[in-house]
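Student: what's the 3D shape of this:
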Amino acid sequence: MNPTEQRISEAVEAASDRIVETLCALVSFPSIVKSDPREAGPGEHDCQHYLKGRLEALGFATDLWDPDGPALLEKYRGRPGAHEGRTFEGRPNLGGTLKGSGGGRSIMLNGHIDVVPPGSRDHWRSDPFQPVVEDGFVRGRGTVDMKGGVASMLMAIEILKEIGVDLAGDVVFTTVVDEEIGGMGSLAMVDRGFTADAGIMTEPTANRIAPLCHGILWGRIILDGIGGHAELTPNSWDGSGPVDAVQLVRQMLDGIDILNRRWTTDPRKNHPLMELPNQVIVTQIQAGEHPSSTAGRGEIVVDIQYLPHEKDEFGLGGHVKREFEAHVAAVCQADPYLRKKPARVEWILDADCAEVPADHPFVAAFQSAAEAAELSPALSGFGAHSDIGLPTSLGGTPTVNFGPGDPAQSHQPNEQVSIRDLVDCTKAIALAIHRWCGPAKA
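Tutor: Numbers count the residues shown, from 1 in each chain. Next up, the predicted model:
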């Protein structure tokens with residue numbers, strides 16, 4: 001580590017309390033994403049304004065805007081990130097650029113400031129939006145997913161500026177909304193023209209460099225039974241009388257289990273950087289209308305993972321959709337009633353994925369910076385979905401995931417990130433910026 005990088009490392013360590021304070025300030029904004037994407041969360045606007053002020057104090061030229069959802073849908077219909085029904089009034093994106101002296105490579109730091117609802121207050125040891133610093137951790141909604149990462153990327157830039165490390169390349173800072181319900185905020189960011197030679201998305205990865213993430217499909221399987229009196233009328237599998245949709249749901253769940261077992265050993269569903277194979281995850285089940293009536297309808301909601309090599313010609317999961325639909329149809333063929341009245345699959349969401357090659361120059365530079373920060377340079381896959389596909393594939397900014405915190409803490413009550421993780425993440429990002437963008441020419 002050269003003298004400049006030693007100064008960077010020491011300055012980050014000395015700024016530990018300020019990194020924590022920055023995260024606490026961000027958590028205190030209840031920037032909850034609404035299930036109805038036409039509604040603004042109570043703190044999205046205020047959180048972005050706070051970050052805008054911090055960026056402008058560092059000399060960034062900033063851009064705060066409410067994206068035009070309908071216009072984006074019209075422009076990108078059928079492409080990644082384009083979703084029906086999105087409006088962004090009061091839900092701004094934020095972008096900023098800090099110009100370098102010239103001649104260096106640019107970097108984009110990206111995060112989302114929307115968080116999922118905290119759930120039942122009874123499950124929390126403290127108010128989810130009153131951050132608590134305790135036993136070496138910061139607790140509160142969004143500390144892991146992903147305001148811890150946003151705090152780290154902001155403080156990395158702030159510390160470089162404070163100790164007089166001037167850069168040759170530009171630093172681009174972007175924070176978006178809408179990530180937790182599909183990623184149209186990231187689409188709007190790329191459409192706005194925010195790009196760079198490489199990017200870091202600070203989703204929680206336990207400070208491991210993850211140049212790969214899953215795509216996800218959300219789908220709804222609809223099974224139509226025939227209602228009847230549960231105590232008086234037996235199932236009539238030819239459809240002439242009641243058919244219990246609860247039993248149809250059970251059969252379909254068994255069929256999904258069979259598919260998952262098949263995917264466990266299918267090379268197409270596995271990746272060397274991913275710990276687990278792709279799976280069809282059942283997340284919601286609904287059936288029945290009355291306690292003493294057989295269910296006339298059943299619904300199963302699934303979350304299906306796919307890998308970058310499975311993307312279709314539009315950069316989405318069309319191949320996997322058709323594969324799943326064929327499996328559902330095969331399950332129906334095994335049942336006399338469902339052969340006549342097969343299940344239907346309705347698709348709710350398709351969120352794309354990406355992979356930056358392990359031999360990309362930025363990946364190597366970031367691995368070197370992580371090692372200098374005394375972190376593992378080993379690459380890993382990000383098992384959940386993140387928005388890296390949009391800047392990577394659409395914007396031409398090869399982007400990796402890297403952020404503080406155990407990703408399994410995401411969306412949980414009492415979500416918390418360790419202070420050590422925050423400091424280490426900030427250090428690695430600051431060193432990566434310096435190495436990638438290069439020192440300003442004298």
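Student: hey, let's count contacts and neighbours off CA atoms from now on
Tutor: Fine.
Student: so who does Pro204 touch?
Tutor: Val144, Asp145, Met146, Gly149, Asn401, Phe402, Gly403, Pro404, Gly405, Asp406, Pro407 (CA atoms under 8 Å, 6 or more residues apart in numbering).
Student: where in the protein is pLDDT low?
Tutor: Counting by pLDDT under 70, the chain contains low-confidence residues at 442.
Student: against which helices or strands is the helix or strand hosting Asp17 packed?
Tutor: Using DSSP states H and E, Asp17 maps to helix 16-27. Here helix 16-27 is seen to pack against helix 148-162, helix 419-437 when contacts are counted using 3 or more CA pairs under 8 Å, 6 or more residues apart in numbering; DSSP states H and E.
Student: shouldn't Gln284 be within a strand?
Tutor: Yes: looking at Gln284 with DSSP: H, G, I helix; E, B strand; the rest coil, it is inside a strand.
Student: distance of it from Leu259?
Tutor: Distance of Gln284 to Leu259, computed by CA to CA, to the nearest Å: 18 Å.
Student: of these two, which one has the most company?
Tutor: Neighbours were tallied for Gln284 and for Leu259 using other CA atoms under 10 Å; the higher tally belongs to Leu259 (16 against 11).
Student: that one: which element?
Tutor: Using DSSP H and E, Leu259 sits within helix 245-264.
Student: what of Val12?
Tutor: Here Val12 sits within helix 3-14, counting by DSSP H and E.
Student: dump the contacts of Pro204 to a markdown table, plus secondary structure, distance to Gly103 and neighbour count.
Tutor: What follows is those, written out as a markdown table (DSSP: H, G, I helix; E, B strand; the rest coil; distance: CA to CA, whole Å; neighbours: other CA atoms under 10 Å):
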| residue | secondary structure | distance to Gly103 | neighbour count |
| --- | --- | --- | --- |
| Val144 | helix | 35 | 33 |
| Asp145 | helix | 35 | 32 |
| Met146 | helix | 32 | 27 |
| Gly149 | helix | 28 | 33 |
| Asn401 | strand | 26 | 26 |
| Phe402 | coil | 26 | 25 |
| Gly403 | coil | 28 | 35 |
| Pro404 | coil | 31 | 32 |
| Gly405 | coil | 35 | 29 |
| Asp406 | coil | 37 | 18 |
| Pro407 | helix | 37 | 20 |
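Student: residues contacting Val138?
Tutor: Val20, Cys24, Pro131, Val132, Gln416, Val417, Ser418, Ile419.
Student: quick one, phi psi at it?
Tutor: Main-chain torsions, Val138, degrees, to the nearest 10: phi -110, psi 120.
Student: mind listing the residues bridging to it?
Tutor: With DSSP bridges applied, Val138 shows beta-bridge pairing to Val133, Val417.
Student: and the spatially most central residue of the chain, how far from Leu217?
Tutor: The C-alpha lying nearest the average C-alpha coordinate of the chain belongs to Ser386 (CA atoms, centre = their mean; 3.2 Å). Here Ser386 is placed at a distance of 13 Å from Leu217 (CA to CA).
Student: okay, now the domains of this protein?
Tutor: Using automatic domain parsing, the domains assigned to the chain come out as 3-212+354-437, 214-351.
Student: quickly compare those and say which is most buried.
Tutor: domain 3-212+354-437 (a mean of 21; mean count of other CA atoms under 10 Å).
Student: now for stretch 82-92, what's the gap between its first and last residues?
Tutor: Start-to-end span of stretch 82-92 (CA to CA) is 17 Å.
Student: Glu5: what's it in contact with?
Tutor: Counting by CA under 8 Å, 6+ apart, Glu5 has contacts Leu431.
Student: specify the local secondary structure of Phe324.
Tutor: Phe324 - assigned by three-state DSSP - is helix.
Student: any idea how far it is from Val331?
Tutor: Relative to Val331, and taking CA to CA, Phe324 is found at 11 Å.
Student: show me what the helix holding Leu259 is packed against.
Tutor: Against helix 245-264 (3+ CA pairs under 8 Å, 6+ apart) you get strand 213-224, strand 280-287, strand 297-306, helix 318-333.
Student: summarise which helices and strands the helix or strand following the longest one is packed against.
Tutor: Under the assignment DSSP H and E, the closest C-terminal helix or strand after helix 318-333 is helix 336-340. Packing partners of helix 336-340 (3+ CA pairs under 8 Å, 6+ apart): helix 318-333.
Student: how far out from the middle of the chain is the helix it packs on?
Tutor: Averaging C-alpha positions (CA atoms, centre = their mean, to the nearest Å) puts helix 318-333 26 Å from its chain's average.
Student: next, the angle from that helix to helix 245-264.
Tutor: Interaxial angle, helix 318-333 versus helix 245-264 (axes from the mean of the first three to the mean of the last three CA atoms, to 10 degrees): 130 degrees.
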